[in-house]
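Undergrad: just to be clear, the model below is a prediction. Sequence and coordinates:
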Amino acid sequence: MRAVTVARLLGREIEAVLSGEHTPLMLWGPPGVGKSALVAQVARDAGLPMIDLRLSQLEASDLRGMPYQKDGRVEWAIPAMLPDAVRHGPRGVLFLDEINAALPQVAAAAYQLILDRRLGDYRLPEGWVIIAAGNRLGDRGVTYAMPAPLANRFTHVELAPVIDDWLAWAEKSAVDERLRRFLQQRPDLLFVFPEQANTHAFPSPRSWAFADRALRKFADDADLLEPALIACVGEVAALLFIAWMERPQFDIDTLLAQAEPMLPDDADGRWAVLDAALVRARQLDAADKEAASRLLRLAARFEPELGERLVRVLRERLGEGLYALDAFDDWAVACSRDHGVSA
């Protein structure tokens, strides 16, 4: 699910607590896609405090409290980190992060809090919502399979990285324009989960935000900038970004909007345009004939061997429907002319 949709859903859950209709929500997603940041932003937008409990770092007693003797019986001291209407306010967000990385006994202690909004003598204030988050089992994090009784206490949503959502956040957050333009042309690099388990740095929405910081810190020192970017997003993505910055710059959306796209004169620039066009073609909605026609018009401006690469990808996406487009006929005529074949 896209971040904008998840944000709206979370906002409704915050409102629903006032009518007694709130259901605890579990937010799933791979590392680095912005689960924690999204929940924090929704809480800020609602003007509410958020208490972030990293359950993977807690012991069961941290939630249950410590026992002490009073009047000949054992009572439990309520942990100060749990929401309190007097200290924290009558409304807020209790965020149980890394819940499926918690020790089983910690997860067990959370059962009652999540379902019954209480834990022993402690009562969660009525205006507080419960949201949890965690990585999926296949993400190679330190996770436990969520027990069925705990899973059944949540509704479940999976957060997916989408380039438009990240670009909207990046513009609002004043991320370096070069970085925004690069990922706009290479959305396939927004998130690339590493195939090898021992890979430490890889592209993700979070690590690209780190790359933005690196650009600000090391822009005046090329010797430091390259290793700093590699440390953020990994070698492949970092070197592609550096090579892109050294190429003549263009805007793929502007080129696609032109009736007769004007390609760069140099070979490096033309290859850069082709790379960006191929990414667009691979992500093309087969029903979007206008977008396909724009890509065909662009293909007609390339040398035949380059344009044919783009058309082959369009054929994979549109199938036989490609041949019904007027722009395909125009490309075929241009390609035949460039090959010296009579139309």
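TA: Perfect, I can see it now.
Undergrad: so where's the chain uncertain?
TA: The chain contains residues with pLDDT under 70 at 139-142, 197, 248, 338-343.
Undergrad: can you give me the strands for it?
TA: Using DSSP state E, the strands assigned to the chain run over residues 25-28, 50-54, 66-70, 73-77, 91-97, 118-119, 122-123, 127-134, 155-158.
Undergrad: residue 14: which of the ones you listed is closest?
TA: strand 127-134 (5.4 Å; C-beta to C-beta). (Glycine included, C-beta is placed from N, CA and C.)
Undergrad: tell me which strands the closest one pairs with, and in which orientation.
TA: Using DSSP bridges, strand 127-134 pairs in its sheet with strand 25-28 (parallel), strand 91-97 (parallel).
Undergrad: skipping its backbone neighbours, what lies nearest residue 326 in space?
TA: Spatially, and ignoring its direct neighbours in sequence, residue 326 is nearest to residue 293 (7.3 Å; C-beta to C-beta, 6 or more residues apart in numbering).
Undergrad: residues in contact with that neighbour?
TA: By C-beta atoms under 8 Å, 6 or more residues apart in numbering, the contact set of residue 293 is 325-327.
Undergrad: of those, which is the most crowded?
TA: residue 327 (20 neighbours; other C-beta atoms under 10 Å).
Undergrad: you'd agree it is up against residue 301?
TA: No - judged on C-beta atoms under 8 Å, residue 327 makes no contact with residue 301 at a distance of 11.9 Å.
Undergrad: could you give the number of residues near residue 209?
TA: By other C-beta under 10 Å, 19 other residues sit near residue 209.
Undergrad: ramachandran angles for the closest residue to it other than its chain neighbours?
TA: Among residues not flanking residue 209 along the chain, residue 175 sits closest, at 7.1 Å (C-beta to C-beta, 6+ apart). Dihedral angles of residue 175 (phi, psi; degrees, to the nearest 10) stand at phi -70, psi 150.
Undergrad: residue 175 contacts residue 211, correct?
TA: No - using C-beta under 8 Å, residue 175 makes no contact with residue 211, being 9.1 Å away.
Undergrad: nearest residue to residue 87 in space, please, no chain neighbours.
TA: Using C-beta to C-beta, 6+ apart and skipping residues adjacent in sequence, the residue nearest residue 87 is residue 80, 7.9 Å away.
Undergrad: same check, this time on residue 318
TA: With C-beta to C-beta, 6+ apart, the residue lying closest to residue 318 is residue 286, at 5.4 Å.
Undergrad: who's in contact with that neighbour?
TA: Neighbours of residue 286 in contact, by C-beta under 8 Å, 6+ apart: 317-319, 321.
Undergrad: still on that earlier bit, residue 175 and residue 211: which has the busier surroundings?
TA: Comparing residue 175 with residue 211 by neighbour count (other C-beta under 10 Å), the higher total belongs to residue 211, at 26 against 21.
Undergrad: surely that one touches residue 233?
TA: Yes - if you go by C-beta under 8 Å, residue 211 and residue 233 touch, sitting 5.4 Å apart.
Undergrad: next one: residue 162 relative to residue 281, how far apart?
TA: 18 Å (C-beta to C-beta, to the nearest Å).
Undergrad: tell me, how many residues neighbour residue 214?
TA: Based on other C-beta under 10 Å, the number of other residues close to residue 214 is 22.
Undergrad: from residue 200, how far out is it?
TA: With C-beta to C-beta as the criterion, residue 214 and residue 200 are 15 Å apart.
Undergrad: residue 101 is in contact with residue 144, isn't it?
TA: Yes - between residue 101 and residue 144 there is a contact at 7.0 Å, judged by C-beta under 8 Å.
Undergrad: tell me which of the two has more neighbours.
TA: In this view residue 101 and residue 144 are compared by other C-beta under 10 Å, and residue 101 has more residues nearby, 18 against 15.
Undergrad: circling back to that earlier point, quick one, which of the strands paired with strand 127-134 gets closest to residue 138.
TA: Of all those, strand 25-28 sits nearest to residue 138, with 10.8 Å by C-beta to C-beta.
Undergrad: mind exporting the C-alpha coordinates of the closest one to CSV?
TA: Extracted C-alpha coordinates of strand 25-28, given in CSV (Å, rounded to 0.1, in the frame of the first residue of the first chain):
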residue,chain,number,x,y,z
LEU,A,25,-3.0,-1.6,13.3
MET,A,26,0.2,-3.5,12.3
LEU,A,27,2.4,-1.9,9.7
TRP,A,28,4.6,-4.2,7.7
